[in-house]
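1. Okay, here's the prediction I keep looking at, along with the sequence it came from:
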Amino acid sequence: MPETDSRRWVDATPRVSGQPLEQLPLDLYIPADALAIWLEQFEGPLDLLLYLIRKHNIDILEIPVARVTEQYLEYLALMKSMAIELAAEYLLMAAWLAEIKSRMLLPPEPREDDEEEPLDPRAELVERLLEYERTTRAAGLLDEQPRRGRDWFDLSVEPPEQLPAPAVPADLAGLIAAMNGLLREGSVRRAHHVRAEGLSIRQRMTDILDALADRRSCELAEVFHPEEGRMGVAVTTVAVLELSRTHALDWSQEQPFGPVTLFRLAGSPSEPAVEEEMPR
Amino acid sequence: MTDKVPPAMPTGSEPPEGLVELVEALLLTVDEPLSLEALGAMVGQETAPELLEATLARVAARWESHRFIELASREIGGRRVWHLVATAAVAPYLKAGDPGRVPKLSRAALETLALIAWRQPITRGEIEAARGVAVNPQILKQLVERGWVRSLGVKDSPGRPEMLGTTREFLSDFGLNSLAELPDFERFAGQDDIDV
Amino acid sequence: MTDKVPPAMPTGSEPPEGLVELVEALLLTVDEPLSLEALGAMVGQETAPELLEATLARVAARWESHRFIELASREIGGRRVWHLVATAAVAPYLKAGDPGRVPKLSRAALETLALIAWRQPITRGEIEAARGVAVNPQILKQLVERGWVRSLGVKDSPGRPEMLGTTREFLSDFGLNSLAELPDFERFAGQDDIDV
């Protein structure tokens, strides 16, 4: 695809078809904001071109490049006038159309083997339009296909408790998707006004609680890992502070700069209570 | 939800057939037990709880004679929830047919595990707050039995809630060396908020 | 399986009520659609396939008048499988209860998914060339998160672009048994059916 000509078209914008474009294309008598929404729905230059070709019942293999280019530029000017941000691809396409148009005016380039017909300057454009048209139809077919979660839903009853739970395979992608879904719904953020801690801090919080798993107290020094450097010390400190802030542990210090002791608050960890009632 | 067409609902307490069938379908489609509130939110807020209860009674009656499925209800976190369950009579048949079964974590289980992984130490109440529904004890049990979730002790706050965290086995099963290898969502979430 | 008590089974082709209820329960308990063989293995090998077929017909009849649930069957790898499913009629209610549930696919997402399905392995650059616009990373992320698209590794060409393809879940969510069931991509273009 030629890339050199895009600037030329940008310079020409104010004078599309020789005059500033103030009037909508004839077939577009719709309110301006509805029009803007409609224009924004084009999926790109190929989509817009295909629309123009279909609208005017043009044979895709015999595109009148001059006419189509003119209309394409009109639509682009219209989109610009509605302050729709145009992707660079639209401008590249404009440049490409202009190039094809000018090559159509020149005598055909002779082909090296000169057995076949001379190369049509439109050939590549036509191929890309056809490919995009296939894509849109394939997408339409997919959309019509009955789909789980839209057209039908799995049903299930809870299996009887006597059934040993089969080992579920670990599914990291599913796990990440689940968390992402929760965050997107916003419920997680609302429920947690706590400043976001990084996962390394979360990990350290768990490690510290672990150190207290089988005894009532331990020295702060035991959970520091000097080899981790300043970052590691900071992570541990934040983890301890967060744990004590949320009443997950307590700490004491006999004298300033003396050793700090961490205390487990109560009850030793056991199997999580998965029984029916849970105080809330 | 303007595209929702709730079935016509008379004010009398006798639930219309359409509502009974809808509640039946919802109980079978959603993979966790449903409370009256949850059902109400789906069926339409204007549905009176009494009507929903009458509807559940009708659903129960429809399945009462069924040898293998029943409507069960239980209390979770102070709220009554309902779901359709297979009775013990199905168990021997399920074992026989096992080979083709590919077990998968339900969405509810994945979300619970995700919250435990990313937000540990986390209490059950915090999971409930984040997901907006009561934690199904079956799901926690499943995660504990699978060896991925464990208790980290209790918190000294009202109710002395238990803190949950993931295990070493969780890391190794999910191919992680440490939790820090999980994507850090806080930044993503922040960006999403700006976008929307 | 000595503890299994198959329902009494007369030799006539009319399935006994107990068998109908058992098959119903199995269809609802097992996560996957079941073939006659799978059902036979669970119910008991001695059950004739004809009897199972008659039983499935009875199950279908029981749910026929239900507004939201039906017995669906399809062909997988040359074998017919059955499952009980909720129809699209429940969708608005599920959405009301959980607005975050499965977002709609945009046209851009559908086109991207179509290219990945038909042209896999395909790189991002190839998708961009075919659609004429840059690929929005959010769309790829969405398709990966829904479990439909995955990486097939990188291509040994400049920039080592990633090759994308569809997953097994894509097939099952779209009710396909294999990619071969998708019509030939080339057939999508043609002057004849360009309707304006």
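-> That came through fine. In this text the structure is predicted, and so the values were computed from the model without any measurement. Numbers count the residues shown, from 1 in each chain, chains lettered A, B, ... in the order given.

2. Contact residues of the stretch 151-280 of chain A facing chain C?
-> Contact residues, the stretch 151-280 of chain A versus chain C (C-beta under 8 Å from any C-beta of the partner chain): A:151-157, A:159, A:173-174, A:176-177, A:180-181, A:184-185. All C-beta atoms are positioned from the backbone trio N, CA, C, and that covers glycine.

3. what are the ranges of the strands in chain B?
-> Using DSSP state E, the strands of chain B run over B:34-35, B:69-76, B:79-86, B:122-123, B:149-154, B:162-166.

4. what stretches of the chain score poorly on pLDDT?
-> No chain specified, so I'll use chain A. A:1-30, A:109-118, A:161-167, A:184-199, A:266-280 (pLDDT under 70).

5. right idea, wrong chain: chain B
-> For chain B, residues meeting the criterion pLDDT under 70 lie at B:1-13, B:45, B:95-103, B:185-196.

6. Tell me how it divides into domains.
-> Here the domain assignment for chain B is B:3-95, B:107-188, based on automatic domain parsing.

7. for the ones you listed, which one sits closest to A:Val68?
-> Closest to A:Val68 of the domains of chain B, according to C-beta to C-beta: domain B:3-95, at 38.7 Å.

8. now check that closest one, is it near chain A?
-> Yes: counting by C-beta under 8 Å from any C-beta, chain A has neighbours in domain B:3-95: B:25, B:28-29, B:31, B:69, B:72, B:74-78, B:83-91, B:94-95.

9. and chain C, which of those contact it?
-> Contacts with chain C within those, counted by C-beta under 8 Å from any C-beta: B:Ala25, B:Leu28, B:Thr29, B:Ile69, B:Leu84, B:Ala86, B:Val90, B:Leu94, B:Lys95.

10. need the contact list for the closest residue in space to the first one that isn't next to it in sequence.
-> Yep, that's B:Ala25 we're talking about. With C-beta to C-beta, 6 or more residues apart in numbering or on different chains as the criterion, B:Ala25 has its nearest non-adjacent residue at 3.5 Å, and that residue is C:Phe68. Counting by C-beta atoms under 8 Å, 6 or more residues apart in numbering or on different chains, C:Phe68 touches B:Glu21, B:Leu22, B:Glu24, B:Ala25, C:Ala86, C:Thr87, C:Ala89, C:Val90.

11. The chain: helices as residue ranges?
-> Going with chain A. A:6-12, A:32-40, A:45-55, A:65-81, A:88-105, A:123-144, A:172-185, A:187-191, A:199-211, A:220-223, A:229-245 (DSSP state H).

12. actually chain B
-> Using DSSP H, the helices found in chain B span residues B:17-29, B:36-43, B:49-64, B:91-96, B:107-119, B:124-131, B:137-145, B:168-173, B:185-195.

13. what about these, which gets the closest to C:Leu171?
-> The nearest among those, by C-beta to C-beta, is helix B:107-119 at 19.9 Å.

14. Filter the residues of domain B:3-95 next to chain A down to just the buried residues.
-> Those of the residues of domain B:3-95 next to chain A that meet the buried threshold are B:25, B:28-29, B:31, B:69, B:72, B:76-77, B:83-87, B:89-91, B:94, by 16 or more other C-beta atoms under 10 Å in any protein chain shown.

15. Neighbours of A:Lys55, how many?
-> Neighbours of A:Lys55 under the rule other C-beta atoms under 10 Å in any protein chain shown: 11.

16. brain fart, B:Glu181
-> Neighbours of B:Glu181 (other C-beta under 10 Å): 15.

17. List the residues that contact the residue nearest to A:Arg103 when sequence neighbours are not counted.
-> Excluding its sequence neighbours, the residue lying closest to A:Arg103 (C-beta to C-beta, 6+ apart) is A:Pro121, at 4.0 Å. For A:Pro121, the contact set (C-beta under 8 Å, 6+ apart) comprises A:Val65, A:Ile100, A:Arg103, A:Met104.

18. any idea how far chain C is from A:Pro121?
-> Here the criterion is C-beta to the nearest C-beta, to the nearest Å. By it, A:Pro121 lies 18 Å from chain C.

19. Once you drop chain neighbours, what's closest to the residue most central in space within chain B?
-> Centroid-nearest residue in chain B, with C-alpha atoms, centre = their mean: B:Glu32, separated by 3.2 Å. The shortest distance from B:Glu32 to any non-neighbouring residue, by C-beta to C-beta, 6+ apart, is to B:Ala108 (4.5 Å).

20. can you check A:Met82 too?
-> Closest to A:Met82 by C-beta to C-beta, 6+ apart is A:Ala36, at 4.5 Å.

21. quick one: the residue lying closest to B:Pro183 once chain neighbours are set aside from A:Met93, how far?
-> Of all residues not flanking B:Pro183 in the chain, A:Ile176 sits nearest, at 6.1 Å (C-beta to C-beta, 6+ apart). Distance, A:Ile176 to A:Met93, using C-beta to C-beta, to the nearest Å: 37 Å.

22. quick one: which of the two has more around it?
-> A side-by-side neighbour count of A:Ile176 and A:Met93, using other C-beta under 10 Å, places A:Met93 first with 25 against 20.

23. how many other residues sit next to the residue nearest to the more buried one when sequence neighbours are not counted?
-> Distance criterion C-beta to C-beta, 6+ apart; nearest residue to A:Met93, sequence neighbours excluded, is A:Pro45 at 3.5 Å. Applying other C-beta under 10 Å, we find 26 residues neighbouring A:Pro45.

24. Same check on B:Gly159?
-> Neighbour count for B:Gly159, taken as other C-beta under 10 Å: 13.

25. quick one, phi psi at it?
-> Reported as degrees, to the nearest 10, the phi and psi values for B:Gly159 are phi 90, psi -10.

26. Tell me which residues of stretch B:157-174 come out buried.
-> The neighbour-count check on stretch B:157-174 (16+ other C-beta under 10 Å) flags B:Pro161, B:Glu162, B:Met163, B:Leu164, B:Gly165, B:Thr166, B:Thr167, B:Phe170, B:Leu171, B:Asp173, B:Phe174 as buried.

27. who's in contact with that stretch?
-> A:170, A:172, A:175, A:206, A:209, A:246-248, A:266-267, A:269, A:272-273, A:279-280, B:113, B:116-117, B:120-125, B:127, B:140, B:147-155, B:177-179.

28. Just the buried ones from the residues you listed?
-> Judged by 16+ other C-beta under 10 Å, buried ones among the contacts of stretch B:157-174: A:170, A:175, A:206, A:209, A:246, A:248, A:269, A:272-273, B:113, B:116-117, B:120-125, B:127, B:140, B:148-155, B:179.
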